[in-house]
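S.K.: Structure of the sequence below:
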Amino acid sequence: MSSPSVEESEGEESPDFDATLCAALYNRLIHIGFEGSNRSQHNERVMQNWFEVYKDDPHIAQCHETIPSESPLASFLRQAAIIIDSTTGQPSTTTGLVHHLQPLPAQEMMLWYFDMSDWEAMHEYIIILPDNNTDKDCDGLIMYLEDLSVCYMRNSYDLNPGMPDDMDVTRWFGFQEVLMSLNFVVEVGKFRPVPRPLPEAEYNSLLDDTRTWEVVPWNEFILKETLDASDGLVEAITAHETHNEEIKGFPRAFLTAAKQPPFKYIAPGLTIYDPAHPVPVPKAPTQQTPTYTTPNPDLALTVAHHDALILFPAERGHDSSKQATDSDTDAGLWICPDHGWADTTRLSLPYALPFYFDHTGRRFDRPSYGTQLWQHGDCPFFTQHSTRLVTLLLRWKELVEEGIWNVGADGVEGELEFYRQAGDPVKKGWFSLEEPCFGFERSGIEIGRLEEFVEEY
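M.R.: Numbering: from 1, shown residues only. Sure, this is the predicted structure:
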């Protein structure tokens, strides 16, 4: 990422930061949340111009110095909508922009890095959208003032006060891209505003911030795009060649609707789910012990959410010289749901990799039983979660089409030993992915409809 100088960025509209479009996208989220959470019934209203709302803030002078009035960022802030308490005239303190992010903060929070550190380089960043989960030590979406790019920062102590090119903590995005993606996430029903109780009703005010939005674990859109990705992978493998009552929720819906492939292996050493020879359904033993019973030490520490399934079981007895073990039984690709996600996945291997590379290419010298392969890292659109099944299937399809995976009469060739190559620096890219968790370009919604979305606001 090349970063223009402050002088170059001031007063210019960047293709990645159209102030008017960013404001329209941001304001759409504000209005959807405002109306969907019955904010007007709580004596609240929406007004425009962040500078006007906070004109009496003691930090306003520093803010004007940091964000010159002629800059694109200042233009965005002047057009931004703010939810106001009609009684006090002050910004609402119980507002979530979306489930995991708060709206634009007051100057003190926005300029927190200026007060936190005397290190000049830290003063190149602001907190543009704070995190909405008070249980985590997380800053939220931070912005680099040189080029107005943003990243989701889970911990400010990870911040490398250099150029974004040098920050290997997470990926940087255009602010406009993040706002556009959040709008599409809302449009397809993954984020949904929650009606707040009426003022006389009792509710837990400590949780009120995040309860203005909820995350829908899965819906028809999520099922359809996962089925489309699965069908695409099956078709790619076919072109190169040639229910257990305990199964519930998303795994059951997926297996019921997915095409039955005419081959056995969907990935090296991983087989298509066979109802005639089902593997045990992963479960937590009790509500008091909410983690899975499995010999895989990575997954044994994972909290069980929603309904799990070993969707693509590993070939039993991966080493022909040994008998099958418990590790073999639990090996395979799991639908291993995270909180709010019914379709996230983890790979479970019957052996430990001594080290692995993450999505940025960094090496981690600690063992992993495959659960770190094909994981996309921190996500700016949601709180932390594992890789979705749709994302993984699309990546596997690429491996088939690129010839990295060979295909024979029984499907993808190779054994479970294939995954040991994840430790090879030359081949580490085979086991990583760049696809975002919720790409609006594959959502089926026309980009042109975005104009219809923003015109209303």
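
S.K.: which residues sit in contact with residue 334?
M.R.: 282, 299, 308, 309, 310, 311, 345, 346, 347, 348 (CB atoms under 8 Å, 6 or more residues apart in numbering). Using the backbone N, CA and C atoms, a C-beta is placed for each residue, glycine as well.

S.K.: repeat that with 6 Å
M.R.: Applying CB atoms under 6 Å, 6 or more residues apart in numbering, one finds that residue 334 lies in contact with 310, 346, 348.

S.K.: Apart from its neighbours in sequence, what residue is nearest residue 333?
M.R.: Spatial nearest neighbour of residue 333, excluding adjacent residues (CB to CB, 6 or more residues apart in numbering): residue 312 at 4.1 Å.

S.K.: would you say that neighbour is within a strand?
M.R.: Yes - Residue 312 sits within a strand when classified using DSSP: H, G, I helix; E, B strand; the rest coil.

S.K.: was I right about it contacting residue 268?
M.R.: No - between residue 312 and residue 268 there is no contact under CB atoms under 6 Å: 10.8 Å.

S.K.: for the stretch 1-150 of the chain, what spans make up the helices?
M.R.: Here the stretch 1-150 of the chain has its helices, by DSSP state H, counting those that start in this stretch, at 6-9, 19-36, 50-53, 60-66, 72-79, 107-110, 112-116.

S.K.: Go through those helices and name the closest to residue 194.
M.R.: Taking CB to CB, helix 19-36 is the member of the helices of the stretch 1-150 of the chain nearest to residue 194, at 7.4 Å.

S.K.: Return the distance of that closest one from the chain's centre.
M.R.: 20 Å (CA atoms, centre = their mean, to the nearest Å).

S.K.: How about it, which residues are buried there?
M.R.: Within helix 19-36, the residues that count as buried by 16 or more other CB atoms under 10 Å are 19, 21-34, 36.

S.K.: how about the residues you listed, which pair is most distant?
M.R.: Greatest spacing in the buried residues of helix 19-36, by CB to CB: 19 and 36 (25.9 Å).

S.K.: If you tally nearby residues, what's the number for residue 300?
M.R.: Applying other CB atoms under 10 Å, we find 13 residues neighbouring residue 300.

S.K.: what's near enough to touch the residue nearest the centre of the chain?
M.R.: Centroid check for the chain by CA atoms, centre = their mean gives residue 379 as the closest residue, at 3.8 Å. Contacts here follow CB under 6 Å, 6+ apart; on that basis residue 379 touches residue 437.

S.K.: isn't there a strand covering it?
M.R.: No - per three-state DSSP, residue 379 lies outside any strand segment and is coil.

S.K.: What separation is there between it and residue 229?
M.R.: 18 Å (CB to CB, to the nearest Å).

S.K.: now do residue 142
M.R.: Distance from residue 142 to residue 229, counting by CB to CB: 32 Å.

S.K.: Check the gap between residue 371 and residue 306 for me.
M.R.: Using CB to CB, residue 371 is found at 17 Å from residue 306.

S.K.: same for the longest helix seen in the chain, what does it pack against?
M.R.: When the chain is parsed with DSSP state H, its longest helix is helix 220-239. Secondary-structure packing of helix 220-239 (3 or more CB pairs under 6 Å, 6 or more residues apart in numbering; DSSP states H and E): helix 389-401.

S.K.: could you point out which element follows the helix it packs on?
M.R.: Tracing the chain C-terminally past helix 389-401 and defining elements by DSSP states H and E, one meets strand 407-408 next.

S.K.: circling back to that earlier point, of residue 371 and residue 306, who's got more company?
M.R.: The neighbour count for residue 371 versus residue 306, taken as other CB under 10 Å, is higher for residue 371 (23 against 20).

S.K.: The more buried one belongs to a helix?
M.R.: No - counting by three-state DSSP, residue 371 is not part of a helix but coil.

S.K.: Could you double-check that it lies in contact with residue 296?
M.R.: No - judged on CB under 6 Å, residue 371 makes no contact with residue 296 at a distance of 7.5 Å.

S.K.: mind listing the helices in the stretch 301-450 of the chain by residue range?
M.R.: Using DSSP H, counting those that start in this stretch, the helices of the stretch 301-450 of the chain run over 326-330, 389-401, 449-455.

S.K.: Could you pull up the contacting residues of the residue nearest to residue 333?
M.R.: Each residue near residue 312 by CB under 6 Å, 6+ apart is listed here: 266, 270, 332, 333.

S.K.: any idea how far the residue nearest to the centre of the chain lies from residue 100?
M.R.: Taking CB to CB, one finds residue 379 at 9 Å from residue 100.

S.K.: try residue 132
M.R.: 5 Å.

S.K.: In terms of neighbours, single out the busier of these two.
M.R.: Counted by other CB under 10 Å, residue 132 and residue 100 do not tie: residue 100 has more neighbours, with 26 against 22.

S.K.: Can you check the pLDDT for the more buried one?
M.R.: Here the pLDDT value assigned to residue 100 is 84.

S.K.: So it is in contact with residue 130, correct?
M.R.: No - applying CB under 6 Å, one finds residue 100 not in contact with residue 130, separated by 10.1 Å.

S.K.: Would you mind listing the residues in contact with residue 101?
M.R.: 129, 132, 140.

S.K.: try it again with 10 Å
M.R.: Counting by CB atoms under 10 Å, 6 or more residues apart in numbering, residue 101 touches 29, 128-133, 140-141, 152, 178, 182, 213, 380-383.
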